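Asker: fold the following.
(2 chains)
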Amino acid sequence: MDDVPLCRMDELPPNGARGFDPLGEGRDALFIVRRGDTLRAYRNRCPHWPGAPMAWRKDGYLSPDGGHIVCYAHGARFDIDTGDCVQGPCPGQSLQSLPLIRRADGLLLVPRDALDLRTAS
Amino acid sequence: MNIVGLDALVFGVDDVADCARYLIDYGLTPVDVGPEGGRFEGLDGTAILLARRDDPSLPPPLPTASTLRKTIYGVADAATLDAIAAELGRDRAVRWLADGSLETVDDLGFALGFRVTTPRPLSFTAEAANAPGVSAQRPVNALGVDTNAPPPKPRSLSHVVYFVPDVAKAEAFYADRLGFVTTDRFTKVGPFMRPAGCRDHHTLFMIQTPPFLQGCEHFTFHMGGPTEVLAAGRRMVELGYQSFWGPGRHIFGSNWFWYFNSPFGCHVEYDADMDHHDAEWVAREAEAGADSSQVFLFQARELWFPSGPPPAKTA
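Answerer: Now for the predicted structure:
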């Protein structure tokens, strides 16, 4: 399986989020949250409602203070590190995390087989 | 109760600047807007009122993530205001505010306001369609598409949708205490309701949910027709906002729809061409689902030109 390139580390905001549409599906399939050197990648899919896209605008996945991931469809808030819902409509559920591959040259990739699970969840 | 429709919705948010930008991009007109918020009007003056979450003039928030702080209805005259104050004052606190409006709560805890409404009369035409078999609706040589026209503007605050923990109790409050009429119903989900002074299919729809979800699911302004819904929605997509559901056309209410995510944590919709009803209408009921909630659904894609000569090859 090929790994799918997303971007270089230095193309991410130092403290923020960015969405990606690596398979050209017309909307972001996943997003990365970067805080300094720490990265988390999650599927752009709120566990509260199957298929619900989460951002309110391109790359708008975080709360105004940057402290949580927010689904702007129905207001669910998630812990950035764990993906666990901490407030809102889906308590006890979590975002689906995705593995990231960080190459020595700074390129970030996601395993294609992880992306291809999209229809199974 | 001669309640004529929604007059304004009040939101208290953390990110006033983002929400203000969103409402302006959506097409509302800012009036007296500053860093603390302000008023964002549709063409008839019905509005979204934006304030900071900790603004002490706002009613207390719901104990959920909801940012909706008050729903303000317009009423026909002072006598209606007095009647509402007398009716609701029987079992709850009703305050007269300095601006002459009433403030109270419904039976689920949503803050309500009532004021004598003064919507600006609109003198636009609706979208006109030429069709075989009827006399022409657009004058000869009048164009249906004007690429130089400014973006279409929301005309009037149409409806609000609540997540409620006890939909039967909520429906009874609006029917028995405020004279709302149920026009249609999704079984075990909730009713579409209109106040007595309004013919729109619904100004209020309620959805049964667990208590921790209580709040606003979406709000909507009426547009001038389906073309305006599609044009305004496409513009939102171009501005980078996230489409949630649509464009499509509902069955109950017949309104065209397009919903977007928003920084309010609820959806914001454009609608057009909603059915009107009167006392002769008999409410329908259906199981809620994909087949019963829309007659068709499309999804935006980038503009495309699949004709003409083949694209030039890049070396």
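
Asker: what residues are up against B:Arg21?
Answerer: The contact partners of B:Arg21, by C-beta atoms under 8 Å, 6 or more residues apart in numbering or on different chains, come to none. For glycine as for every other residue, the C-beta is placed from the backbone atoms N, C-alpha and C.

Asker: can you rerun that using 10 Å?
Answerer: Applying C-beta atoms under 10 Å, 6 or more residues apart in numbering or on different chains, we find B:Arg21 in contact with A:Arg57, B:Asp15, B:Pro30, B:Leu239, B:Pro263.

Asker: pLDDT below threshold where in the chain?
Answerer: If you meant another chain, say so; for now it's chain A. A:1, A:117-121 (pLDDT under 70).

Asker: oops, wrong one, chain B.
Answerer: Scanning chain B for pLDDT under 70 picks out B:311, B:313-315.

Asker: at the geometric centre of it, which residue sits there?
Answerer: Nearest to the geometric centre of chain B sits B:Thr220, at 2.2 Å (C-alpha atoms, centre = their mean).

Asker: hmm, back to that, the contacts of B:Arg21: which two are farthest apart?
Answerer: Across the contacts of B:Arg21, the longest distance by C-beta to C-beta is 18.6 Å; it joins A:Arg57 and B:Pro30.

Asker: so the residue nearest to the residue nearest to the centre of chain B when sequence neighbours are not counted is in which element?
Answerer: Of all residues not flanking B:Thr220 in the chain, B:Glu269 sits nearest, at 3.9 Å (C-beta to C-beta, 6 or more residues apart in numbering or on different chains). Assigned by DSSP states H and E, B:Glu269 falls within strand B:267-272.

Asker: and the residue nearest to the centre of chain B, what element?
Answerer: Assigned by DSSP H and E, B:Thr220 belongs to strand B:215-222.

Asker: look up phi and psi at B:Ser292.
Answerer: The phi and psi torsions at B:Ser292 (degrees, to the nearest 10) take the values phi -100, psi -10.

Asker: quick check: it vs B:Phe252, distance?
Answerer: Look at B:Ser292 and B:Phe252: by C-beta to C-beta, to the nearest Å, they are 8 Å apart.

Asker: common neighbours of these two, please.
Answerer: Residues touching both B:Ser292 and B:Phe252 by C-beta under 10 Å, 6+ apart: B:Phe186, B:Arg284, B:Glu285, B:Ala286.

Asker: what sits opposite the nearest residue to B:Pro59 once chain neighbours are set aside in the beta ladder?
Answerer: Leaving aside its sequence neighbours, B:Pro59 sits nearest to B:Ala111 (C-beta to C-beta, 6+ apart; 3.7 Å). Counting by DSSP bridges, B:Ala111 is bridged to B:Val105.

Asker: and B:Ser292 and B:Phe252? Which one has more around it.
Answerer: The residue with more neighbours, out of B:Ser292 and B:Phe252, is B:Phe252; 23 against 16, by other C-beta atoms under 10 Å in any protein chain shown.

Asker: for the closest residue to chain B within chain A, which non-adjacent residue is closest in space?
Answerer: Across chain A, no residue is closer to chain B than A:Gly75, which sits at 3.4 Å (C-beta to the nearest C-beta). Leaving aside its sequence neighbours, A:Gly75 sits nearest to B:Gly265 (C-beta to C-beta, 6+ apart; 3.4 Å).

Asker: I am finished for the moment; much appreciated.
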